[in-house]
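Engineer: mind folding the following:
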Amino acid sequence: MSGVCYPDSLIGTIPNLYYYAANNPSEATIAKRRSYANTISYLTPPAENAGLYKGLKELKELISSYQSMRESGRAEQITATIIETARQCNLDKDVTLPADDEGVKALTIDERDLIIGQVYRKLMEIESRLLPCGLHVVGVMPTAEEAIATLVNIAEIDRPDQKPEPIKGLPGIMATAIGRDIESIYQGNNKGVLADVDLLQRITEACRRCVHEFVVERTGIDGRIGQNLLPSLLKWTGFYQDPLTRALQGTEFARADRNDLGNTFKYLEFCLEQIVKDNELSALVEALDGKYTEPGPGGDPIRNPGVLPTGKNIHALDPQSIPTQAALKSAQLIVERLLDREKSNNGGKYPESIALVLWGTDNIKTYGESLAQVLMMVGVRPVADSLGRVNKLEVIPLEELGRPRIDVVVNCSGVFRDLFVNQMLLLDRAIKMAAEQDEPDEMNFVRKHAKQQAAEMGVSLRDAATRVFSNSSGSYSSNVNLAVENSSWSDEQQLQEMYLKRKSFAFNSDRPGAGGEEGREIFERALKTVDVTFQNLDSSEISLTDVSHYFDSDPTKLVQGLRSDGRAPSAYIADTTTANGQVRTLGETVRLDARTKLLNPKWYEGMLSSGYEGVREIQKRLTNTMGWSATSGMVDNWVYDEANSTFIEDPEMAARLMEANPNSFRKLVATFLEANGRGYWDASEDQLERLRQMYTDVEDKIEGIE
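Structural biologist: A predicted model of the protein is given here:
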């Protein structure tokens, strides 16, 4: 800021103490730049596993029965019941199921196992998903019990760079105990191999038991970390067993390496102490007293427990240090899974072009994973100098790459542009390097498209290979999210025009000082070739419908409108929130989000315990769900049906929502009506009439009409 900038003039010499979520270092950094903020981090809400409910719970019990009777005469009958229940739970959108009873009868035992395994895998994805329990209250730290799910997820991850010695993830330790490799178990699970899905679930349950016993032993009578007298008494009587022995005794994992377990749980003990340490209010008091606020990194507490304890002045990282080698390794795995998934869905053909989004916070949390994904797609390797700064590139030979170079269209968020402009120019250099390689068109889609566009536009190959875009300087988002939130849009074409107008500013490494230059023509031409749209989820706290930013940057329907053949691109989401990174379709991810949060009693009851603000969170999630309908068309009708049944057709629930926050409830009702009016939800006339009457009722309540 300069002295003539409004933020600088307004803040003057006033101290600016700013509570900021520990998992949002990118925007915290901007708060420092704009208003000299002394940030004080606060914890995200305590997390727990989503669990199963209603028909999903029944389905798991049926699968358990099938496993015990799979070779008996009743297996076919149980399989038919599982398939029918899975269909009632709308899992037929995620798993290919036999069409009728004749199809079930024709299945061999291996085919039955594969279908049951795929259904079971989907159930375990839902059950193990982390979700926030309500909202965080500053200064109220989680109890030891509330920290267990977070600790289990911390324990999942291998940390080879941890000092003084590497930390092995618990699932890997358990797998080794039975002579298996955890990666092979993950691969089998991802394919729906019933034995591996069940084994991974047993490993998960063993990890949870170990962490639970470990925490209980350190929990005092007030539910917080303290002295537990029972272990001391048992030690004195000679009947004491250590928590890991208690957890694993009698299981197939009883021979797990005690040195590895000891090393991991020593680390978890440190993490537990940091999670429950109360430093948020004391940091504010000390700052108000003019004292120093200890700095600390921001990010995901599961990936980087160094974020803890909260109550720190958040900093990010050196922007020139990313992507790291660890990020590059993770990126390579995700790109391989993405390309394999698209090839399997597209007759074995590679996608020629992928449109993807880069986020500031995500790249800080992952140390540049999505940045590295772009480089891996075009087949260029980043090279760090002696000081660890990533400012050099080398082309990966096609022989080593083993596939064509995939063209990309990279759209960076406004925050990413502010924080990582040098890395944007690095990406541009990499894409231009790929375009200039003298390689066949069928092995270099970057060059193929750049040559076509250079001829059509009458520009050089390098200018035609411009693929890195963002907002203009000082501008953020496409404003599609604001239009959806305020219902201030006429049709989808208006939203797409907003996206094209605001997100088409090109960053060119040949003109590094120019910043974002208006480049709508090349932006549109590049989008016309896109076969796949792609985004990343890297943190368990924030998913697709938690915030509006994700659909705000989604170009799926826009690409369909621009393509000459009118074909909708495939849309995928990479989920690296767990050790077993997944690439799902956008539709699968929206369904998973709806099942684990919007429709999950554990989530919405947790929100309602926060009263007024909890109702607003429920309403926001439905609005964000409709946003995905507007930009991608990937929200199934049953999601709206089930949400309507949960929040509107249940009179007791509707009354609770109206009483707690009538304004947000009115917006919730209006969103259902809007979704129907725009063609996203095929509702019955009875459902619509009930909604209209409820809208009238809540209007009367707000206006004080009895």
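
Engineer: need the contact list for Thr96.
Structural biologist: Ile115, Gln118 (C-beta atoms under 8 Å, 6 or more residues apart in numbering). Heads up, the C-betas are built off the backbone N, CA and C, glycines and all.

Engineer: let me know the pLDDT of it.
Structural biologist: With respect to pLDDT, Thr96 scores 91.

Engineer: list the helices and strands the longest helix along the chain packs on?
Structural biologist: Counting residues, the longest helix in the chain under DSSP state H turns out to be helix 194-216. On a contact count with 3 or more C-beta pairs under 8 Å, 6 or more residues apart in numbering; DSSP states H and E, helix 194-216 meets helix 109-128, helix 148-156, helix 170-177, helix 182-191, helix 243-248, helix 258-275.

Engineer: quick one, which of those gets closest to Phe214.
Structural biologist: helix 243-248 (4.7 Å; C-beta to C-beta).

Engineer: and that closest one, C-alpha only, in CSV?
Structural biologist: Output of helix 243-248 as CSV, limited to C-alpha atoms (Å, rounded to 0.1, in the frame of the first residue of the first chain):
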residue,chain,number,x,y,z
PRO,A,243,-3.4,-48.7,25.4
LEU,A,244,-2.0,-50.1,22.2
THR,A,245,-2.0,-53.7,23.6
ARG,A,246,-5.6,-53.3,24.7
ALA,A,247,-6.7,-52.0,21.4
LEU,A,248,-5.0,-54.7,19.3
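
Engineer: so which elements touch it?
Structural biologist: Looks like helix 243-248 contacts helix 194-216, helix 258-275 (3+ C-beta pairs under 8 Å, 6+ apart).

Engineer: quick one: these as a markdown table, columns for mean pLDDT, distance to Asp113 and mean neighbour count too.
Structural biologist: Formatted as a markdown table, the helices and strands packed on helix 243-248 follow (pLDDT from 0 to 100; distance: least, C-beta to C-beta, whole Å; neighbours: other C-beta atoms under 10 Å):
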| stretch | mean pLDDT | distance to Asp113 | mean neighbour count |
| --- | --- | --- | --- |
| helix 194-216 | 94 | 4 | 20 |
| helix 258-275 | 92 | 32 | 17 |
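
Engineer: for the helices and strands packed on helix 194-216, give me a markdown table that also has distance to Leu56.
Structural biologist: Converted to a markdown table, the helices and strands packed on helix 194-216 look like this (distance: least, C-beta to C-beta, whole Å):
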| stretch | distance to Leu56 |
| --- | --- |
| helix 109-128 | 6 |
| helix 148-156 | 18 |
| helix 170-177 | 23 |
| helix 182-191 | 18 |
| helix 243-248 | 26 |
| helix 258-275 | 29 |
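
Engineer: which of these sits closest to Pro305?
Structural biologist: So among the helices and strands packed on helix 194-216, helix 258-275 is nearest, using C-beta to C-beta, at 4.7 Å.

Engineer: what helices or strands is that closest one leaning on?
Structural biologist: Looks like helix 258-275 contacts helix 148-156, helix 170-177, helix 194-216, helix 243-248 (3+ C-beta pairs under 8 Å, 6+ apart).

Engineer: the stretch 1-150 of the chain: helices as residue ranges?
Structural biologist: Along the stretch 1-150 of the chain, counting by DSSP state H, counting those that start in this stretch, helices occupy 6-11, 25-35, 54-69, 75-88, 101-105, 109-128, 148-156.

Engineer: which one of the helices and strands packed on helix 194-216 lies closest to Asp510?
Structural biologist: So among those, helix 182-191 is nearest, using C-beta to C-beta, at 42.0 Å.

Engineer: and the pLDDT at Asn508?
Structural biologist: pLDDT, Asn508: 91.

Engineer: still on that earlier bit, pipe the helices and strands packed on helix 258-275 into JSON lines and attach distance to Asn444 per row.
Structural biologist: Converted to JSON lines, these look like this (distance: least, C-beta to C-beta, whole Å):
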{"stretch": "helix 148-156", "distance to Asn444": "38"}
{"stretch": "helix 170-177", "distance to Asn444": "38"}
{"stretch": "helix 194-216", "distance to Asn444": "37"}
{"stretch": "helix 243-248", "distance to Asn444": "52"}
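
Engineer: figure out which of the helices of the stretch 1-150 of the chain is closest to Ala568.
Structural biologist: helix 109-128 (23.6 Å).

Engineer: tell me what that closest one is packed against?
Structural biologist: Counting by 3+ C-beta pairs under 8 Å, 6+ apart, helix 109-128 packs on helix 54-69, helix 75-88, helix 194-216.

Engineer: ok, residues contacting the first one?
Structural biologist: Where contact means C-beta under 8 Å, 6+ apart, the residues beyond helix 54-69 that reach it are 52, 75, 78-79, 81-82, 85-86, 88-89, 91, 116, 119-120, 123, 126-127, 194, 198, 595.

Engineer: change it to 7 Å
Structural biologist: Contacting residues not belonging to helix 54-69 are listed as 52, 75, 78-79, 81-82, 85-86, 88-89, 116, 119-120, 123, 126, 198 [C-beta atoms under 7 Å, 6 or more residues apart in numbering].

Engineer: circling back to that earlier point, out of the helices and strands packed on helix 243-248, nearest to Arg34?
Structural biologist: Judging these by C-beta to C-beta, what sits closest to Arg34 is helix 258-275, at 29.7 Å.

Engineer: tilt between that closest one and helix 194-216?
Structural biologist: Counting by axes from the mean of the first three to the mean of the last three C-alpha atoms, to 10 degrees, helix 258-275 points 60 degrees away from the direction of helix 194-216.

Engineer: next secondary structure after helix 258-275?
Structural biologist: helix 280-288 (DSSP states H and E).

Engineer: for that following helix, list every residue counted as buried.
Structural biologist: Buried residues in helix 280-288, counting neighbours by 16 or more other C-beta atoms under 10 Å, are found at Glu280, Ala283, Leu284, Glu286, Ala287.
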